[in-house]
Structure formats: C-alpha cells, structure tokens
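Peer 1: Output the structure for:
(2 chains)
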There are 2 protein chains.
Amino acid sequence: MAHMSNELPKIGTYHLTVDPFNVDFTGHLTIGMLGNQLLNCAGFHANERGFGISRLNEEDYTWVLSRMAIEFDDLPMEYQHFTVNTWIESVMRLFTGRNFEIQDQLGRTIGHAKTMWAMINVQTRKPADLLSIGDGGIVKWIHTEKECPIDGPSRIKVAADQPSDTIRVKYSDIDINGHLNSVRYIEHILNLFDLSYYKSHCIRRFEIAYIAECLFDDELALYQSCDDGDTFSVEIRKTASNEVVCRSKIWFKERI
Amino acid sequence: MAHMSNELPKIGTYHLTVDPFNVDFTGHLTIGMLGNQLLNCAGFHANERGFGISRLNEEDYTWVLSRMAIEFDDLPMEYQHFTVNTWIESVMRLFTGRNFEIQDQLGRTIGHAKTMWAMINVQTRKPADLLSIGDGGIVKWIHTEKECPIDGPSRIKVAADQPSDTIRVKYSDIDINGHLNSVRYIEHILNLFDLSYYKSHCIRRFEIAYIAECLFDDELALYQSCDDGDTFSVEIRKTASNEVVCRSKIWFKERI
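Peer 2: Modelled structure (predicted):
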C-alpha cells in the first residue's frame, strides 16, 4: 500500500447501506450497528493509509478503542444509503483522536462521532508510543480543518448501589481477540431500557468508555443511574472482582 | 422495477465482505451473521424481481422465513470477500423454496443453504396463496437447473425435561416488526455451547425452524439434547405458555 498512501485524501469517505437486520423496531439503524459501521470505516481508513490492524499485526501491535461519543439528529432507515466521513484529528503519545461525520442519502449531515484510540502491544498488553511507532507515520494524516461540532466524551459517574441487571459473556459476545465485542457492550447497555421507553423516547447522544477487557463466562453487573429526566449513566463491573470494565451515558429525548 | 424484471437472470449474485465485528473468536464469519447476509441477499433478489417486501408491503403482505438449513466446508474470515448466489427452486401454494450457494474469494463453492418461506397478510397474520398473489409472478423465477446438493430441513425432536438456559427478549433482540429478530434466535441457540467446545469443534451444518413469534419481554426456555456425539437439537419454548417457538439442530465436527 505504501505507494498509494500519499495519493489518498486525509478524510476517508465510505458509502454504506442499512441492512434490514440492523434496524430496531422503529426501522432505524441501531446504535450498536452504527458503532459497528463507524469502527469498520476507521479500519478501512487506517488500513488504506498504512496504519491499520492488518499492517500493525505484523509488528505485534493493535488498535484499541478507548472512548466513543456519537450524537445525531436522525438515523438512516432500513435499505437507506448513508455516508461516513472519517479523519484523524490529533495524535498524542498514548492516544489518537478520530472524528466521524454521518450523512444521509441526500448528503445532509445527520450526526457526528468522536473517538479516542490507544495502540497496545499484543504480547505485553502495554500501550505503545504513537509518535514513535511506524516512524510516526500516522501524524501526517492529522486533519484539523474540518469541524466535528459535538462535545467530546465526558466524565461519567454512576450513583447506584444495586445492579439493574447481570449478564454472562457468551460465545456470540466474543470477538476475534477473545474479548467481549465492543458492539455487544452497546447492545447490553441499551437492553437496560424498556421497549415502552423506546416507544416514547429516542436516543440523541451516546457515550461509552472502554476500561477493561471481559472474557468468556465473565459475569457482569450493570449499574444504572438517572442523571436527570432523560439522561442515564451506566457502569458495568465484573461481579467476581467488582472491577469496572465500562462506563456509558445515554441522552434520550421525547419523541414528537 | 417492472420494466427491469424480465431482463434479470433467475439467479441473483451478490458480492459481500466479512466485517470485523461479524466474526467469532476464530476470525470466521458467525453463523448468525451468515444467516443475516443470506436473508439480505434473498431480500435484494426478491426486490429486484418485483416480489420483495418493499413491493408487498403496499399490498399488506410480507415474507416470513419458515425454515433454513446451512451446510458448509469453510467460512470466510475477517475482511475476506465472498459471493452469494440465490434462486427460487419451487413455489407451492403456501411455501416457496429458495436456495443459496456460497463461494469464497477465489470462487470456490464452500457452502449451500436451503430455505422455506411463507407469505402472510400483515393484518390477519394468515398465510397467502403464493400461486395467486401478484398474479403468481414469482412462479416465472423458478430455476431448477442449478443443484443445491445438501439435505433439506429435517424433523427435529428434542428429548429434554429441563431447560439448559432461559433468556428474556430485550430491546436489541427486536426487529422492525416488533418480533424477536431471526438472526438473534441463531445467536441465542449458539450461546448454549461453551467456548471450550467451540475451540475443539466447528459447526458444519445448522438448521432452524421458526414456529411462532416472540415479543419483547417474553421469557424463553432453551431445551437441548445431544443426538449423538457431536449433533445437538434445541427447542425454544415460551416459559409462560410452554408454546414452542423454534427448533434447531446443529452438527459439529472436531477441528483437525
């Protein structure tokens, strides 16, 4: 790919379609599947530009998603086309910031996302220095001219003594690294809410911070608190160790 | 679409790629996501030829998947391309048979699937006569020249008194019709098996029969019996009514 890299634009543009099994009962793309698609686009963008997982694995490093905030006015529906633009906003020693813009099939911007990623050594699980790895090649892809007009991930605090639910990590939850799949966290969190609540409310912003890895058969307790009327914070802890593995915050709004 | 229909071949051919979040811990496409893709291709094939859901909904009818049998020697891996060919094998009064052929990125045939579908009236939930609906237009798409060399769905019997697991239908399980998503059944069934079993065994054939619809908050009991060493049958019943909603059979083989 090296000969291609310099010819590519800093912003990667990907055209996608909403599969019928990726929508919820309202017919809109689910947040889990939107997250899935954004992470796919991040992978395409990085691989095409020579700093993706397919290149890194040869060198024993992999990207790990640390935080994600998604905010949107609307979501595409079953069989509709949509477009994802993604670019690298910043590169620090331990983290890189990647932004996303989501456009509907008419080209109107309907949402944005901000993500933070670390790179770890697959053997030691320790973070790598992004400024030195691969000759710091990622830095030349930084693009700051394009706006991503949403707040970054916030500090999430959960005030709850008792879990709202407990789940066990099962075969279908496990990704290629043997860990709980990043998309499944989102689905398990959104499963805390009742269908009747989704009937009267839709999500307008979703945040998640991935803190520790979960393995097959781990029992997870989901703690939930209501921050104000329609905003909720969720913390997931391993039942056995009480270790926090993930925090999330969801902003709902009433459907009109 | 009417002006296009007669120019299309009877076999629909679709080129797909395995997304990284659609693989299991071995890096292979999951059976659930393979099922998802086959059902998508069925939708594309039917819509392009004028008997898909987008056309039928105008007339208050919808397709319902009744049975599926998938058999394969291999499954594509993360980021690999694969091809699905699909065609209508038969049309009876209440059911139509649709076959699939799955090819890897080198064009080698790696698997097949047979499916049976009914059409129901969305209002009455009663089956429609496929030979009379839409002027019987589906009949002209029947293609019997191509082989689909696997057994059709079998009769599944489960000998078990006690459920192996119970689950509750949650928000992320629900499809656009308000029912438990066809793909989620597959995932819940495959979650019955331990990761250590998947480490020593892989699936070579999977069958499912959809019998009744499940709604949000239904509690489902999964009954499981071992037919012989590496073949298992599963029956899902609603806890409240004991009504059978689904049966499945899974053929594993030892990994070499």
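Peer 1: Figure out how far the top helix by length along chain A is from the centre of its chain.
Peer 2: In chain A, with assignment by DSSP state H, the single longest helix is helix A:31-48. From the chain centre to the centre of helix A:31-48 is a distance of 8 Å (CA atoms, centre = their mean, to the nearest Å).
Peer 1: elements contacting that helix?
Peer 2: Packing partners of helix A:31-48 (3 or more CB pairs under 8 Å, 6 or more residues apart in numbering or on different chains; DSSP states H and E): strand A:12-17, helix A:53-56, strand A:61-72, strand A:81-91, strand A:96-103, strand A:109-121, helix A:182-190. For every residue, glycine as well, the C-beta is placed using N, CA and C.
Peer 1: Let's have those in JSON lines, adding distance to chain B.
Peer 2: Converted to JSON lines, those look like this (distance: least, CB to the nearest CB, whole Å):
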{"stretch": "strand A:12-17", "distance to chain B": "9"}
{"stretch": "helix A:53-56", "distance to chain B": "7"}
{"stretch": "strand A:61-72", "distance to chain B": "11"}
{"stretch": "strand A:81-91", "distance to chain B": "13"}
{"stretch": "strand A:96-103", "distance to chain B": "16"}
{"stretch": "strand A:109-121", "distance to chain B": "14"}
{"stretch": "helix A:182-190", "distance to chain B": "4"}
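Peer 1: Now the phi/psi pair for the nearest residue to A:Leu180 once chain neighbours are set aside, please.
Peer 2: In this structure, A:Leu180 finds its nearest non-sequential neighbour in A:Cys214, 3.8 Å apart by CB to CB, 6 or more residues apart in numbering or on different chains. Backbone torsions of A:Cys214, given as degrees, to the nearest 10, read phi -120, psi 140.
Peer 1: between the helices and strands packed on helix A:31-48, which gets the lowest average pLDDT?
Peer 2: Across the helices and strands packed on helix A:31-48, helix A:53-56 has the smallest mean pLDDT, namely a mean of 66.
Peer 1: just to revisit the earlier point, format the helices and strands packed on helix A:31-48 as TSV; extra columns: mean neighbour count.
Peer 2: What follows is those, written out as TSV (neighbours: other CB atoms under 10 Å in any protein chain shown):
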stretch	mean neighbour count
strand A:12-17	16
helix A:53-56	18
strand A:61-72	20
strand A:81-91	20
strand A:96-103	23
strand A:109-121	20
helix A:182-190	22
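Peer 1: got CSV for the ones you listed, with distance to B:Asn85 too?
Peer 2: Formatted as CSV, those follow (distance: least, CB to CB, whole Å):
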stretch, distance to B:Asn85
strand A:12-17, 20
helix A:53-56, 28
strand A:61-72, 35
strand A:81-91, 24
strand A:96-103, 33
strand A:109-121, 35
helix A:182-190, 29
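Peer 1: Minimum distance to A:Cys246: which of these has it?
Peer 2: Of all the helices and strands packed on helix A:31-48, it is helix A:182-190 that lies closest to A:Cys246, at 5.4 Å by CB to CB.
Peer 1: Quick one: name the residues of the stretch 151-256 of chain A near chain B.
Peer 2: Neighbours of chain B within the stretch 151-256 of chain A, by CB under 8 Å from any CB of the partner chain: A:170-172, A:174-178, A:181-183, A:187-188, A:190-191, A:193-195, A:198, A:216-217.
Peer 1: hmm, which of the residues you listed are the buried ones?
Peer 2: A:170-172, A:174-176, A:181-183, A:187-188, A:190-191, A:193, A:195, A:198, A:216 (16 or more other CB atoms under 10 Å in any protein chain shown).
Peer 1: State the number of residues packed around the closest residue to A:Lys249 other than its chain neighbours.
Peer 2: In space, and not counting its chain neighbours, A:Lys249 is closest to A:Glu207: 4.5 Å by CB to CB, 6+ apart. Neighbourhood size, A:Glu207 [other CB atoms under 10 Å in any protein chain shown]: 22.
Peer 1: Please export the C-alpha coordinates of the helix or strand where A:Glu207 lies as CSV.
Peer 2: Take DSSP states H and E as the rule and A:Glu207 turns out to sit in strand A:201-210. Presented in CSV, the C-alpha positions along strand A:201-210 are these (Å, rounded to 0.1, in the frame of the first residue of the first chain):
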residue,chain,number,x,y,z
HIS,A,201,-38.1,8.4,23.6
CYS,A,202,-35.3,8.2,21.1
ILE,A,203,-31.5,8.5,21.7
ARG,A,204,-29.8,11.6,20.6
ARG,A,205,-26.3,11.1,22.1
PHE,A,206,-24.5,8.0,23.3
GLU,A,207,-21.1,7.8,25.0
ILE,A,208,-19.0,4.8,26.0
ALA,A,209,-15.6,4.4,27.7
TYR,A,210,-14.0,1.0,27.5
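Peer 1: Am I right that A:Thr109 is in contact with A:Asn85?
Peer 2: No: taking CB atoms under 8 Å as the definition, A:Thr109 is not a contact partner of A:Asn85, at 9.1 Å.
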